[in-house]
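Peer 1: the sequence and its predicted three-dimensional model are supplied below.
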Amino acid sequence: MHLDVDAIRALIPALTSGTARFDAPGGTQTPQPVIDAIAEALARPLANRGHVTQGERNAEDIVLAARRAMGDLLGTDPGTVVFGRSATQLTYDLARTLAGTWGPGDEVVVTRLDHDANIRPWIQAAEAVGATVRRADFDPGTGELAPERIGEVLSPRTRLVAVTAASNLLGTRPDIPAVAELAHRAGALLHVDAVHYASHATVDLAALGADTLVCSPYKFLGPHLGVLTGRAALLESLRPDKLLPSADTVPERFELGTLPYELLAGVRAAVDVLAALVPDAGDGDRRARLAASFAAVEVHEEALRERLEAGLSEIGGVTVYSRAARRTPTLLFTVAGHRPADVSRHLAGHGVEAPAGSFYALEASRHLGLGAEGGVRVGLAPYSSAEDVDRLLEALALLG
């Protein structure tokens, strides 16, 4: 099975601009079926969820369809799918809720590899209740975060381990099941940031061993919002702050205010687009078709990553920091004698979108010795092409 990249690109209006886009880790471009689903939801009657009027029923149908779609994508019960403004917001809400069960002497583990959205909420929640934060370091030479580094900072007082399934800066994919085993053996919960991971691989909550997990649909062809899921029994046990009249059921007790119905319609459409990336995948259920799509995506993106890395190795002065054995098709690099922001501007002048910075993975960037300035990040997506890669390499070779 393979991807028809031309067919995928034809679905995405923004790609007609001609720009070679490598900014997918910050957010993918939007397919027309997703745009249409959002517009259709807004064009039809809508009201607060219910079962009496057509508007109420439309809203109810949209929410349930979006939960089912994300349940298929994440390998989780649709009844545990929580929607929020962003993965950052959902992580903050979860951290504050869990911290209500912590106290002085309790410990929380974070890693320097993570996006700050999976570091700062836990640090601030721990500090608010007098709990201790311990950090696990990754190897700056390889970009690897070995499970044993996390194991070294666990103790019988560890209450939670927060770790990324894939670094948004380097692409590093830690061995999450191994981390889960260590965390659970210590009696701790495992929270996984799958924002970058879910764009490139099949997610399975149980197989990862995660107790809770967040992702962002706008990283995989959908609209801007966040999703949280977790073990049903755990979510049932948590009592987040909420309005008195708000529903006390899961997942509604975690969702503050009225949901953005039109965006949820876009989420369902995005998952359906992903499930159809391999037309010859058969008539299996959506979860099976998604697995086939992501298997093909990984093959496609890996081939392009190898092409990109080979080309970068031939350009003088380029240092690539993404070296982990298992990683997404996301590369961070610098060019000797040039600030990353200047390299990014040069590429933009040649029709290549490759942003520069630390991308909120500030602790990782500092650990690499790059500081807040970071590097140039090149991220591939299902719609990336060999021609895009060649354009980037040609433009980079012209850098004076």
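Peer 2: Sure, I can see it. Numbering: from 1, shown residues only.
Peer 1: show me the helices in the stretch 151-300 of the chain, by range?
Peer 2: 176-185, 205-208, 232-237, 261-275, 286-313 (DSSP state H, counting those that start in this stretch).
Peer 1: residue 100: which of these is closest?
Peer 2: With CB to CB, the closest approach to residue 100 among those belongs to helix 232-237: 11.5 Å. Yep, even glycine has a C-beta here, placed from its N, CA and C like the rest.
Peer 1: and the closest one, what's buried?
Peer 2: Within helix 232-237, the residues that count as buried by 16 or more other CB atoms under 10 Å are residue 235.
Peer 1: for the closest residue to residue 363 other than its chain neighbours, what are its contacts?
Peer 2: Excluding its sequence neighbours, the residue lying closest to residue 363 (CB to CB, 6 or more residues apart in numbering) is residue 112, at 4.4 Å. By CB atoms under 8 Å, 6 or more residues apart in numbering, residue 112 lies in contact with 135, 136, 137, 138, 363, 364, 367.
Peer 1: gap between residue 112 and residue 170?
Peer 2: Residue 112 sits 11 Å away from residue 170, going by CB to CB, to the nearest Å.
Peer 1: what residues are shared contacts of the two?
Peer 2: Shared contacts of residue 112 and residue 170, counting by CB under 8 Å, 6+ apart, come down to residue 364.
Peer 1: buried residues in the host helix or strand of residue 363, which are they?
Peer 2: Using DSSP states H and E, residue 363 maps to helix 362-367. The neighbour-count check on helix 362-367 (16+ other CB under 10 Å) flags 362, 363, 364, 365, 367 as buried.
Peer 1: same question for stretch 25-33.
Peer 2: Within stretch 25-33, the residues scored as buried using 16+ other CB under 10 Å are 25, 26, 27, 28, 29, 30, 31, 33.
Peer 1: and what of stretch 192-204?
Peer 2: Under the neighbour-count criterion of 16+ other CB under 10 Å, stretch 192-204 has 192, 193, 194, 195, 196, 197, 198, 199, 200, 201, 202, 203 buried.
Peer 1: ok, of the residues you listed, which one's closest to residue 239?
Peer 2: residue 192 (22.2 Å).
Peer 1: separation between the closest one and residue 176?
Peer 2: Going from residue 192 to residue 176 by CB to CB gives 6 Å.
Peer 1: what does residue 357 give?
Peer 2: Distance from residue 357 to residue 176, by CB to CB: 26 Å.
Peer 1: cool, residue 244 as well?
Peer 2: On the measure of CB to CB, residue 244 and residue 176 end up 38 Å apart.
Peer 1: which ones are touching residue 229?
Peer 2: Residue 229 makes contact with 70, 71, 74, 76, 77, 80, 81, 82, 205, 212, 213, according to CB under 8 Å, 6+ apart.
Peer 1: again but with residue 360, I slipped
Peer 2: Applying CB under 8 Å, 6+ apart to residue 360 gives the contacts 115, 116, 117, 168.
Peer 1: out of those residues, which is nearest to residue 88?
Peer 2: Using CB to CB, the contacts of residue 360 come closest to residue 88 at residue 117, 4.1 Å.
Peer 1: from residue 15, how far off is the residue nearest to the closest one when sequence neighbours are not counted?
Peer 2: Distances taken as CB to CB, 6+ apart put residue 88 closest to residue 117, at 4.1 Å, once the chain neighbours are dropped. To residue 15, residue 88 is 28 Å away according to CB to CB.
Peer 1: quick one, which of the two is more surrounded?
Peer 2: The residue with more neighbours, out of residue 88 and residue 15, is residue 88; 21 against 18, by other CB atoms under 10 Å.
Peer 1: can I assume the more buried one is in contact with residue 121?
Peer 2: Yes - contact criterion CB atoms under 8 Å: residue 88 and residue 121 qualify, at 7.5 Å.
Peer 1: shared neighbours, the two?
Peer 2: Shared contacts of residue 88 and residue 121, defined by CB under 8 Å, 6+ apart, are absent.
Peer 1: now the helices: where do they sit in the stretch 1-150 of the chain?
Peer 2: For the stretch 1-150 of the chain, the helices defined by DSSP H, counting those that start in this stretch cover 5-10, 32-43, 54-74, 87-99, 120-129, 147-151.
Peer 1: which one of the ones you listed lies closest to residue 303?
Peer 2: When the helices of the stretch 1-150 of the chain are compared by CB to CB, helix 5-10 sits nearest residue 303, at 10.9 Å.
Peer 1: what mean pLDDT does the closest one have?
Peer 2: For helix 5-10, mean pLDDT is 98.
Peer 1: contacts for that helix, please.
Peer 2: Outside helix 5-10, the residues within contact range by CB under 8 Å, 6+ apart are 15, 277, 300, 382, 383, 384, 385.
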